[in-house]
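**Student:** 3D model of this:
(one chain, ligands or ions: 1)
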Amino acid sequence: MEIVSILKKVKIPELILTHICLSCQLVSVKSEVCIVAESDKDWQEEQERVRFVIHEIKRKLKKIKGRASDLKDRVIDLRKNFWDDVTVNLDEVDDVIETQASLKQQAEFLSERERSHGQLSQQLKTLQRLQESPYFGRIDFQEEGESESESIYIGIASMMDQNDEDFLIYDWRAPISSMYYDYPPGEAQYETMDGAIRGEITLKRQFIIRNQEIKGMFDTGLTIGDHLLQAVLGNNANTKMKSIVATIQKEQNKIIRNEKSKLLVVQGVAGSGKTSAALQRVAYLLYKYREVLSAENMVLFSPNPLFNSYVATVLPELGEENMKQTTFHEYLVQRLGKQYSIESPFDQMEYYLTKSDEEQYEARLAGIQWKASLNHKQLIDNYVNDLEKKGIQFRNISFRGEKLISSAKIRDYFYSLDRTMSIPNRLEEVSKWLLEKIKVFEEKERKEDWVLEESQLLDKEDFLQVYKEMQDEDEYSDDPFFNYAREEQLLRKKVVSDKLKPLKRKVKRFFFLDVRKTYAKLFELEKYRVEEEPLWDEIATLTLEQLKSKSLTWEDATPYLYFQDKLLGFRENAAIQHVFIDEAQDYSPFQFAYFRQIYPNSRMTLLGDINQAIYAHALHSDTLLTSGVEEKQERITLQRSYRSTKPIVEFTKSFMPNGDEIEAFNRDGEKPKVYEVDDPYTRNQMLVNHLREWQKEYQTIAVICKTKEESLDVYNRLQSSLPVKLIDEETFTFHKGLVVLPAYLAKGIEFDAVVVFDGSNDQYETELEKNLFYTACTRAMHALTVYSLGPYNRFIEDIPTEYYQHYKVHSYYPKQ
Ligand SMILES: Nc1ncnc2c1ncn2[C@@H]1O[C@H](COP(=O)(O)OP(=O)(O)OP(=O)(O)O)[C@@H](O)[C@H]1O
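**Tutor:** Predicted coordinates:
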């Protein structure tokens, strides 16, 4: 095997390291590196240490395997013979109590064993991972006042030596390990419970260890040397996101280890590692607060279902459980899906992109922006204040088509209650009052003829239940007439009770309050007309139409739920201690305010990129990453982009405002290509050939379109020539190979190579379309090609021509 160890001694500039180690894909890394022969003493000593540590790991593995297997046998045995050790005696009250105690003890015994077994399996998994690659970093740290430095080896978990005295490996999340990410050699310090420990880093070294062998070794003067990063970033994209634990950058480390902020906002350019840092942060918090925090106490809101599967393996790879993951749409559907069909953000986006010729388009757009704003929230708050005094719409309570209690009576009762009580508390009172009334009605109703008729139709089980009830009551008599009468009584009771159950359930859930009708009044009453919004009347008409058809547009769903929670009350989710919101720029200020309401005490980490704000509400208005959030917050900015090669970053940053602040990681590659083609047939032909070529080199290739419709069209065209998959909003996992998808579904994800199917002026014109185009282009890691049917879009005009290769292609086909 060809291995070149890389250390600091001999300098060979501009070495193309195609012969490094092919098995770990350290290929095509072109940079100035330092290199020494394999026989180097340091290399050998390090390899010796790796062997020693792995030997220790194996020893531990053997020991734990033995213990785990013993424990497993004992658990199985305990489960099988659970009852043998329980004294069951139910004769006397004392005996029952004793039996209960004995049962409890046995159950606790079993669960304690099961827990221990779980912990051992966890340790086993971690050791198995360490066995492959025990660590990735080393720092030699000489603490102030000490005469010698200590070598700290850093890996994904800690491991002690045989006598449990010294650490052979430190967990990357241990306080001392933070220096590895934060400091180059020289003065350094780390925080402990007892204050800062100061000293000097005398050596900083990175390793690539695979299959128990050192494949690469770098001494670095930087925080985290570029060599390793070059190697990692040069690899092909995967359908699963990778952990960045070995190469976390200093700025990212600030996000990961931030403990002070209640609200942490990360504005990071495309590919700057926001999502990666967020996941490492979850792992860090789970480690640091392991006594009090578990994966169930954290939730990640992600941009689409595909993204969930994309990031699903990062935490398990680090030996941690995944936190809950959901999309905000999923959350809204779960809360409101029974009453309404809820438009997805993607459908709203399709509307925005494709329906500009519709009559109501302008009004809808104005509505999208208004309903995203905190002004709309204020309007609702004012309205709810008024509703405390009057105006709530109630429903009649009816049973079998007959009105039992009129909405007017309910309203009068509600508004007769103490006004200092909140609306939900008053509803609780109304509910009790109604249930009392229903109870009285229930007793009367049992005597009705229909009840007897229905009782004949009861199931056999119902009769048996009544029979059992009579026996339990000890009312079984020798007098058959008495029995018959009692049976009828009970059957009648059962029929009415069963029939009223759904109604009672609804009353307990405050169904008597008509939320929809009350919300609609906000758009009907002159009092709430928003004068400063010129299209208010149109917005109101549209909203009322939607409400009538029992569907909620994306822009309406959050305000509606907010309003509903205000009226009916909402039990906050106290279990969630940390909320992560990825692609935070896509949430409106109103939506964020709603998050605050449902998770009032949780810490929040918001991650986003203002340049990727693609939803219509972001037009001319604040998003979470601008100034929309007034709360106290800590902001961290990431300017360096890691995903794409330098030429791709130079291309994409050139047409973005403040693009000059975006910094490319120095990774070489081909310049992006822009093909202006004058007919669709030629473009298709070229595209197929192009993709065929790429398939030889790359594992994940995306043809990114603007809309769903365009994606479907491209998919249909390519299908007959190439193995291709179409990704839509219902796609939950994606696989290697060639995919076609709209840009908004590619958010957060990356591909080896990307084709923008049509980057023409007709397609990308507005400011939001620019962001969409930017989002599409920045998905590419190694190669980017833009096809344009006719003249390319005006944003490309802003790019210096030396940053891309431009081709004008004339039709292969004769014009007809
Ligand atoms: N410190 C790092 N070491 C190695 N790779 C990194 C590092 N930071 C980021 N990357 C890589 O860069 C790519 C982009 O990272 P990530 O998806 O986390 O960025 P992002 O800021 O969320 O991007 P976007 O907003 O464009 O979706 C990933 O392949 C990730 O593995």
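**Student:** interface residues of the stretch 701-816 of the chain facing the ligand?
**Tutor:** With the criterion set to Cβ under 6 Å from any ligand atom, the stretch 701-816 of the chain comes near the ligand through G748, E750, T778. All C-beta spots, glycine's among them, are computed from the backbone N, C-alpha and C.
**Student:** what is the neighbour count of the residue in the chain that the ligand sits nearest to?
**Tutor:** As assessed by Cβ to the nearest ligand atom, the ligand sits closest to G273 within the chain, at 2.8 Å. Close neighbours of G273, defined as other Cβ atoms under 10 Å, add up to 25.
**Student:** got it, and R67?
**Tutor:** For R67, the neighbour count with other Cβ under 10 Å is 15.
**Student:** who's in contact with it?
**Tutor:** L120 (Cβ atoms under 8 Å, 6 or more residues apart in numbering).
**Student:** where does R205 fall, helix, sheet strand or coil?
**Tutor:** Following DSSP: H, G, I helix; E, B strand; the rest coil, the label given to R205 is strand.
**Student:** count the neighbours of the closest residue to it other than its chain neighbours for me.
**Tutor:** Distances taken as Cβ to Cβ, 6 or more residues apart in numbering place R138 nearest to R205, at 4.4 Å, with adjacent residues excluded. The tally of other residues near R138 (other Cβ under 10 Å) stands at 20.
**Student:** looks to me like R138 is in a strand.
**Tutor:** Yes. Counting by three-state DSSP, R138 is found in a strand.
**Student:** residues contacting it?
**Tutor:** Under the criterion of Cβ under 8 Å, 6+ apart, the contact list for R138 reads S151, I152, Y153, I154, L203, K204, R205, Q206, F207.
**Student:** what sits up against the helix or strand encompassing L718?
**Tutor:** Per DSSP states H and E, L718 falls inside helix 708-719. Helix 708-719 is touched from outside by 346, 350, 354, 684, 687-688, 691, 703, 705, 724, 726-728, 738, 740-742, 757-758, with contacts defined as Cβ under 8 Å, 6+ apart.
**Student:** tell me the buried residues in that helix?
**Tutor:** Neighbour counts over helix 708-719 (16 or more other Cβ atoms under 10 Å) mark K708, E710, S711, V714, Y715, R717, L718 as buried.
**Student:** could you dump those into a markdown table and include pLDDT?
**Tutor:** Output for the buried residues of helix 708-719, formatted as a markdown table (pLDDT from 0 to 100):
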| residue | pLDDT |
| --- | --- |
| K708 | 92 |
| E710 | 93 |
| S711 | 95 |
| V714 | 95 |
| Y715 | 95 |
| R717 | 92 |
| L718 | 93 |
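**Student:** ok, back up a step: same list (the contacts of R138) but as a markdown table, adding pLDDT.
**Tutor:** Compiled in a markdown table, the contacts of R138 are given as follows (pLDDT from 0 to 100):
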| residue | pLDDT |
| --- | --- |
| S151 | 95 |
| I152 | 96 |
| Y153 | 96 |
| I154 | 95 |
| L203 | 91 |
| K204 | 91 |
| R205 | 90 |
| Q206 | 88 |
| F207 | 87 |
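**Student:** list, one by one, the residues from this protein near the ligand.
**Tutor:** In this structure, the chain approaches the ligand at residues 229, 232-233, 242, 244, 247-249, 252, 268, 270-276, 609, 642-643, 748, 750, 778, judged by Cβ under 6 Å from any ligand atom.
**Student:** which among the contacts of helix 708-719 end up buried?
**Tutor:** 346, 350, 684, 687, 691, 703, 705, 724, 726-728, 738, 740-742, 757-758.
**Student:** how about the residue nearest to T313 when sequence neighbours are not counted, secondary structure?
**Tutor:** In space, and not counting its chain neighbours, T313 is closest to K240: 4.6 Å by Cβ to Cβ, 6+ apart. Following three-state DSSP, we place K240 in the coil state.
**Student:** next, the contact list for K240, please.
**Tutor:** K240 neighbours (Cβ under 8 Å, 6+ apart): S309, Y310, V311, A312, T313, V314.
**Student:** and the residue nearest to R205, how far from N382?
**Tutor:** Computed with Cβ to Cβ, to the nearest Å, the distance linking R138 and N382 is 62 Å.
**Student:** follow-up on the earlier one: show the pLDDT at the residue of the chain closest to the ligand.
**Tutor:** G273 is assigned a predicted lDDT (pLDDT) of 93.
**Student:** for D622, same thing?
**Tutor:** 59.
**Student:** try A783
**Tutor:** On the pLDDT scale, A783 is placed at 96.
**Student:** mind listing what the nearest residue to it once chain neighbours are set aside touches?
**Tutor:** Once flanking residues are discounted, A783 sits nearest to A753: 3.9 Å by Cβ to Cβ, 6+ apart. By Cβ under 8 Å, 6+ apart, A753 lies in contact with W694, E697, Y698, T700, I701, A702, A780, M781, H782, A783, L784, T785.
**Student:** what's the answer for S158, then?
**Tutor:** F167, I169, Y170, D171, A174.
**Student:** what does C705 show for phi and psi?
**Tutor:** phi -110, psi 180 (degrees, to the nearest 10).
**Student:** nearest residue to it in space, please, no chain neighbours.
**Tutor:** Of all residues not flanking C705 in the chain, S711 sits nearest, at 4.3 Å (Cβ to Cβ, 6+ apart).
**Student:** so how far is L353 from that neighbour?
**Tutor:** S711 is 12 Å from L353, by Cβ to Cβ.
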